[in-house]
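> Below: sequence and its predicted model.
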Amino acid sequence: MDIKDTAKKALELYRKQDYQKSKQLSLKILQIDSFHLSSWVNLGNICFQKGEFKEAISHYKKALQISPENYILGNIANAYLQLKQYWKVWYYCKRILRQDSENIFALNLLVQMYMEREKNKLALPYLERLKKLDSKNPWVWNNLSQVYFFMQEYTQSLKAAQQAVSLAPEDDLQHINMGYALYETALEKGTDFIKKEATNWFKKYGKNPIVKYFSDSLKHNKKIAKTDATYLRKIFDSFSESFEDALQALNYGVPQKIIKNIQEIFKQKQLENMTVLDMGCGTGLCGKYMTKYARPKKFIGVDLSAGMLQKAQEKNVYNQLVNMDIEEYLQDKKEEFDLVIAADVLTYFGRLDSLFNQIANSMKKSGVFIFSVTQNPHSKEDYFLHLSGRFHHHADYIAKCLQNSQLELLKMYPQNLRSEGGKNVEGWIVIAQK
Ligand SMILES: C[S@@+](CC[C@H](N)C(=O)[O-])C[C@H]1O[C@@H](n2cnc3c(N)ncnc32)[C@H](O)[C@@H]1O
């Protein structure tokens, strides 16, 4: 066996994500030469990609014994970051920086670590260094904008977000960061504070649907009756990995509350004979709590975001997951569902009349519809597009739309849905029947 050739093949297979074959080749090499550096690194990288971080570290450490190179120290630090073993991240990064004070990878890992630990001020000196060393990297500016925001340096935060966008105008994630920087700053300081930056952004990039929807939300545009699908997909795809942790931190408990109502209405045995639709199922939290109680005969989740559905799939609680706009999905559904649930989803719809009609048509006789909505304390209007891009509804409007769709309002009670910007978001849980 030619070791050089085999190592090359192992690397090619790794790049093609054929981890099993790549691993086999690296192991073969190590049987012949247990000091083969790149094979240990390759084994470490394979484990890292598979999420086996402890094993990755043990392989990288073997490589480190052969040759104490900075990129291996970096890989170890990165694996410790995934394991949230922060002091070890710090230790390995510092080892790198002692030899190479301008090592961009190590500086970035330290930034990520401090941001993850919400010690934003400690990330700042490393970001200042990266600003000089890697000034064309939009993510350096993106991180800076977030760090400045948490430090309440709002003007600096907006400037950094603007810089990130101008470096990567094609990257929707930079626009999302700019949108959030504007929205969250507006929440803290009022809309006048962000006027100049917002106007410049809309003027330059207003054709991008994400920028347009942020613009409509920041202006409370009354003509908008539903959240833009491209905006939603991008937001939730990028948010899917951290969604559950982030919402737990915001005391989000709507799925549990909806399931509690379901338990009060239906016996386990009944549910096990039912067809249930989870509209905007997201990462499948309703599915998770529902199946702790009972597994419906047919349980369908629909969502616009493929990223969120991927997470729902991992829970293995739905019979079918559909990546589609809910209105499109409901178009041809007639008397199919015994129960329809929507947890924190109608907040992405302003007008509800035609959606409620579709839902009513899709339900069997006596079918039940349980959902949450956010209260509109801002105006007397039926619905209000909030700065956050979410719609807030009037109770009377909900009742009227249900009535017009021949759905009987059984119960509607106030509920704290979660927190936002340190304040409670108030809403209702609503139960209606066909
Ligand atoms: C805040 S999340 C809630 C997810 C889940 N129901 C829960 O309680 O955890 C809202 C979800 O609704 C989905 N969504 C919003 N509008 C939608 C639409 N028109 N069609 C399908 N899914 C939609 C989003 O993609 C997102 O996953």
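In hand now; what should we look at?

> first to last residue in stretch 235-243, what's the distance?
End-to-end span of stretch 235-243 (C-alpha to C-alpha, to the nearest Å): 11 Å.

> any idea how far it is from the chain center?
Here stretch 235-243 is found 1 Å from its chain centre; the criterion is C-alpha atoms, centre = their mean, to the nearest Å.

> Show me what that stretch is in contact with.
173, 176, 246, 282-283, 303-308, 310-311 (C-beta atoms under 8 Å, 6 or more residues apart in numbering). Where C-beta positions appear, they are placed from N, C-alpha and C, glycine not excepted.

> Could you restrict these to the ones contacting the ligand?
By C-beta under 6 Å from any ligand atom, the members of those lying near the ligand are 282, 303-305, 308.

> Report the two of these separated the most.
282 and 304 (9.8 Å; C-beta to C-beta).

> In this protein, what residue spans correspond to strands?
275-279, 298-303, 320-323, 337-342, 363-374, 383-385, 391-393, 408-420, 423-433 (DSSP state E).

> Strand partners (parallel or antiparallel) of the fifth one?
Yep, that's strand 363-374 we're talking about. Taking DSSP bridges as the criterion, strand 363-374 sits next to strand 337-342 (parallel), strand 423-433 (antiparallel) in its sheet.

> And those strands, which one averages the lowest pLDDT?
Among the strands paired with strand 363-374, strand 423-433 carries the lowest mean pLDDT, at a mean of 94.

> one step back: which one in the contacts of stretch 235-243 is the model shakiest on?
residue 246 (89).

> Residue 266 is in contact with residue 274, isn't it?
Yes: between residue 266 and residue 274 there is a contact under C-beta atoms under 8 Å: 7.3 Å.

> Now list whatever residues contact both of the two.
residue 339.

> Let's have the contacts of stretch 235-243 in TSV, adding neighbour count.
As requested, these are exported to TSV (neighbours: other C-beta atoms under 10 Å):
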residue	neighbour count
173	17
176	19
246	11
282	27
283	27
303	29
304	25
305	25
306	14
307	20
308	25
310	15
311	19
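
> In helices, which of those fall?
173, 176, 246, 306-308, 310-311 (DSSP state H).

> Quick check: the residue of the stretch 1-150 of the chain nearest the ligand.
Nearest residue of the stretch 1-150 of the chain to the ligand, counting by C-beta to the nearest ligand atom: residue 146, 20.9 Å away.

> What about that residue, how many residues nearby?
21 (other C-beta atoms under 10 Å).

> tally of neighbours for the nearest residue in space to it that is not next to it in sequence?
Take residue 146 and drop its neighbours on the chain: the residue closest to it by C-beta to C-beta, 6 or more residues apart in numbering is residue 115, 6.8 Å away. Residue 115: 17 surrounding residues under other C-beta under 10 Å.

> Quick check: residue 115 vs residue 363, distance?
Distance, residue 115 to residue 363, by C-beta to C-beta, to the nearest Å: 45 Å.

> Now for the closest residue to residue 410 other than its chain neighbours: which residues touch it?
Take residue 410 and drop its neighbours on the chain: the residue closest to it by C-beta to C-beta, 6+ apart is residue 431, 4.6 Å away. Residues counted as contacts of residue 431 (C-beta under 8 Å, 6+ apart) are 261, 265, 368-370, 409-412.

> repeat for residue 200
Counting by C-beta under 8 Å, 6+ apart, residue 200 has contacts residue 162.

> for this protein, what are the low-confidence residue spans?
Within the chain, no range satisfies pLDDT under 70.

> Enumerate the residues of it near the ligand.
Checking the chain against the ligand by C-beta under 6 Å from any ligand atom, the hits are 232, 236, 254-255, 280-282, 285-286, 302-305, 308, 325-326, 343-345, 348.

> count of neighbours near residue 392?
Based on other C-beta under 10 Å, the number of other residues close to residue 392 is 22.

> gap between the closest residue to it other than its chain neighbours and the ligand?
Closest residue in space to residue 392, ignoring its immediate chain neighbours: residue 376 at 3.9 Å, by C-beta to C-beta, 6+ apart. Plainly put, residue 376 is 18 Å away from the ligand if you go by C-beta to the nearest ligand atom, to the nearest Å.

> ditto for residue 395
21 Å.

> Can you get me a residue count around that residue?
14.

> wait, isn't it in contact with residue 409?
No: contact status for residue 395 versus residue 409: not in contact, 10.1 Å apart, counting by C-beta under 8 Å.

> who touches the residue nearest to residue 51 when sequence neighbours are not counted in this structure?
Spatial nearest neighbour of residue 51, excluding adjacent residues (C-beta to C-beta, 6+ apart): residue 82 at 7.7 Å. Each residue near residue 82 by C-beta under 8 Å, 6+ apart is listed here: 48, 51, 53.

> Make a PyMOL selection of whichever of those turn out to be buried.
Entered in PyMOL, the line below selects the buried ones among the contacts of residue 82, by 16 or more other C-beta atoms under 10 Å:
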select buried, resi 48+53
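
> Switch the contacts of residue 82 over to TSV, and while doing so, append distance to residue 293 to every line.
Converted to TSV, these look like this (distance: C-beta to C-beta, whole Å):
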residue	distance to residue 293
48	38
51	30
53	34
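
> Out of the contacts of residue 82, which comes closest to residue 384?
Nearest member of the contacts of residue 82 to residue 384, counting by C-beta to C-beta, is residue 51, at 42.3 Å.

> give me phi/psi at that closest one?
phi 80, psi 10 (degrees, to the nearest 10).

> Same question for residue 351.
According to degrees, to the nearest 10, residue 351 has phi -70, psi 140.

> rewinding a little: if we only consider the ones in helices among the contacts of stretch 235-243, which is nearest to the ligand?
Among the ones in helices among the contacts of stretch 235-243, and counting by C-beta to the nearest ligand atom, the member closest to the ligand is residue 308, at 4.1 Å.

> doesn't residue 287 make contact with the closest one?
No: applying C-beta under 8 Å, one finds residue 308 not in contact with residue 287, separated by 11.8 Å.

> Common neighbours of the two, please.
residue 281.

> Could you measure from the closest residue to residue 86 other than its chain neighbours over to residue 57?
Using C-beta to C-beta, 6+ apart and skipping the chain neighbours, the partner closest in space to residue 86 is residue 113 (5.5 Å). Separation of residue 113 from residue 57 (C-beta to C-beta): 16 Å.

> who's more crowded, the two?
Each of residue 113 and residue 57 has its neighbours counted (other C-beta under 10 Å); residue 57 has more, 25 against 22.
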